[in-house]
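Trainee: Prediction below, plus the sequence it came from.
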Amino acid sequence: MGELVLGRPTFQIKYATSLPVDLVSYMSLVYRAVPGSGLHPSLVAARRALSDPIQSDLDLLHGFSGRLLYYMEEPSMRFQPLRPERRNASFDEFKNFLRQLSPEDYREMAFHSLQRVHQDLQTGATTPPLSDARAWREYVLPALTTASPEDVYALVLDPADLKRRTIGLIQGIWDAGYAADYAKHHEILEKAAELACKTTSQGFGLAFPELTGNRLPAPLVSRLNDIETVTFCPSYYLNNFVSYILYPPQLIVFFAAPEFINRSKAALSQNGHALRHVSETTIDLTDEQFLDALRALGDSNRLRILDLLSARELYAQEIVGRLNIAQSAVSRHLSLLERAGLVRVRPRGGMKYYEIDKKRLDDVARALQFRAGN
């Protein structure tokens, strides 16, 4: 597993495989795998093959904590699966840990998942007393997808049943085919994590699209200041679907292992050819411009600005809010990046919008490649 320190001392990027983490991803995909969803056909088939009780619990336990399915993340994250000593934990170790948790622990996890939903929605709502059934109905309504408020209320009133059904669902998914799939695909997942560590960009904002094939979602851009560690985890069935666990201060981002391996093979097969011909490629960059760009890149806050802008165009005040540093400092950083040609500014509605100049970045990369190859 590789590790890179970015921007601030606590902001790290890692690449890893973990059975409990992959299991969360798999269950969320199976939950969403209905006909017409565009997900992998084997996931649709896996959902159809589940017994009626397991399907019912799948819909209930994934269906009361928002569209990001927060509740079923809770048992895995409580296990702390990305700690070095637990990264290679077996299913039995994970299940034994879950059995040791008390029913009250499961109720707390349900409470926490609902609090996360209300935090996202910025409702300001707090967990109501369990004795107030009407308040509970109002509290859970914004978080419901495939569960009813009555079923959710019954679960939190009976935490022993919540524990039994949570462990039962995880065991049921394991027995229904996930165990065989994970053993079959584990080598591919490990290879993808190792390859990603060696070949992907070092900045989060650049690594995200490189690994997932998607732009950085706005909800993640707005929460960067809450994150200390990002772990990219390969998934076998993901395809181009965006999937992540935002559990501050941790962020886990899933990427499609087979597709990434295939893209990397294609890039590696072309790399030698590209190096041989880089000297014949026009690099629209003078030595002075090249040095200006390198100087502009030599600052952690400016790298963080580029990470933010790699997702989409932003106006200056948005960048100030997400970097959590003084506006005057952000203005200086933006001015340096603009003078170096790495970002472009566009006035609109009395505000300045900034975006990356991708051609200039490409020119800088080619200039570095040319010097490395000669």
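Mentor: That came in fine, so what should we check first? Residues are numbered from 1 along each chain as shown.

Trainee: for the nearest residue to Leu211 once chain neighbours are set aside, helix, strand, or coil?
Mentor: In space, and not counting its chain neighbours, Leu211 is closest to Phe255: 4.0 Å by C-beta to C-beta, 6 or more residues apart in numbering. Yep, even glycine has a C-beta here, placed from its N, CA and C like the rest. Of the three states, Phe255 takes strand under DSSP: H, G, I helix; E, B strand; the rest coil.

Trainee: Against Arg263, how distant is Phe255?
Mentor: Distance, Phe255 to Arg263, using C-beta to C-beta, to the nearest Å: 10 Å.

Trainee: For the residue nearest to Leu211, give the beta-bridge partners.
Mentor: On the basis of DSSP bridges, Phe255 is bridged to Pro234.

Trainee: Tally up the residues packed near it, please.
Mentor: By the measure other C-beta atoms under 10 Å, the count of residues near Phe255 is 27.

Trainee: hang on, it packs against Thr231?
Mentor: No - counting by C-beta atoms under 8 Å, Phe255 does not reach Thr231; the two are 11.0 Å apart.

Trainee: Not counting residues beside it along the chain, what's closest to the spatially most central residue of the chain?
Mentor: With distances taken as C-alpha atoms, centre = their mean, Val253 lies nearest the centre of the chain, 2.6 Å away. With sequence-adjacent residues excluded and distances taken as C-beta to C-beta, 6+ apart, Val253 is closest to Tyr244, at 4.7 Å.

Trainee: Settle this for me: that neighbour is touching Arg223, isn't it.
Mentor: No - the pair Tyr244 / Arg223 is not scored as a contact, 10.6 Å apart, by C-beta under 8 Å.

Trainee: The two: who's more crowded?
Mentor: Using other C-beta under 10 Å, the more surrounded residue of Tyr244 and Arg223 is Tyr244, with 20 against 15.

Trainee: Can you tell me how far Pro159 is from Arg165?
Mentor: Taking C-beta to C-beta as the criterion, Pro159 is separated from Arg165 by 11 Å.

Trainee: do Phe204 as well
Mentor: Between Phe204 and Arg165 the distance is 36 Å, computed by C-beta to C-beta.

Trainee: Looking at those two, which one has more neighbours?
Mentor: Between Phe204 and Arg165, Phe204 has the larger neighbour count (other C-beta under 10 Å), namely 27 against 19.

Trainee: for that one, phi and psi?
Mentor: Here is the backbone geometry of Phe204 (degrees, to the nearest 10): phi -60, psi -50.

Trainee: okay, stretch 252-259 in PDB with CA atoms only?
Mentor: Presented in PDB, the C-alpha positions along stretch 252-259 are these (Å, rounded to 0.1, in the frame of the first residue of the first chain):
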ATOM      1  CA  ILE A 252     -12.900   5.900   0.800                       C
ATOM      2  CA  VAL A 253     -13.200   6.100  -3.000                       C
ATOM      3  CA  PHE A 254     -14.000   3.000  -5.000                       C
ATOM      4  CA  PHE A 255     -12.700   2.500  -8.600                       C
ATOM      5  CA  ALA A 256     -13.300  -0.200 -11.100                       C
ATOM      6  CA  ALA A 257     -10.400  -2.700 -11.000                       C
ATOM      7  CA  PRO A 258     -10.700  -4.500 -14.300                       C
ATOM      8  CA  GLU A 259     -11.200  -1.300 -16.300                       C
END
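
Trainee: which residues are in contact with it?
Mentor: Residues from elsewhere that reach stretch 252-259 (C-beta atoms under 8 Å, 6 or more residues apart in numbering): 21, 25, 82, 185, 188-189, 191-192, 196, 208, 211-213, 230-240, 243-245.

Trainee: Which ones among those map onto strands?
Mentor: Among the contacts of stretch 252-259, the members found in strands (DSSP state E) are 230-235, 244-245.

Trainee: Return a PyMOL selection command for the buried portion of the residues you listed.
Mentor: A single PyMOL command selects the buried members of these (16 or more other C-beta atoms under 10 Å):
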select buried, resi 230+231+232+233+234+235+244+245
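
Trainee: just curious, which of the ones in strands among the contacts of stretch 252-259 is nearest to Ser300?
Mentor: Val230 (15.4 Å; C-beta to C-beta).

Trainee: Would you confirm that the closest one contacts Ala16?
Mentor: No - here Val230 does not reach Ala16: they are 10.9 Å apart, not a contact under C-beta under 8 Å.

Trainee: Noted, bye for now.
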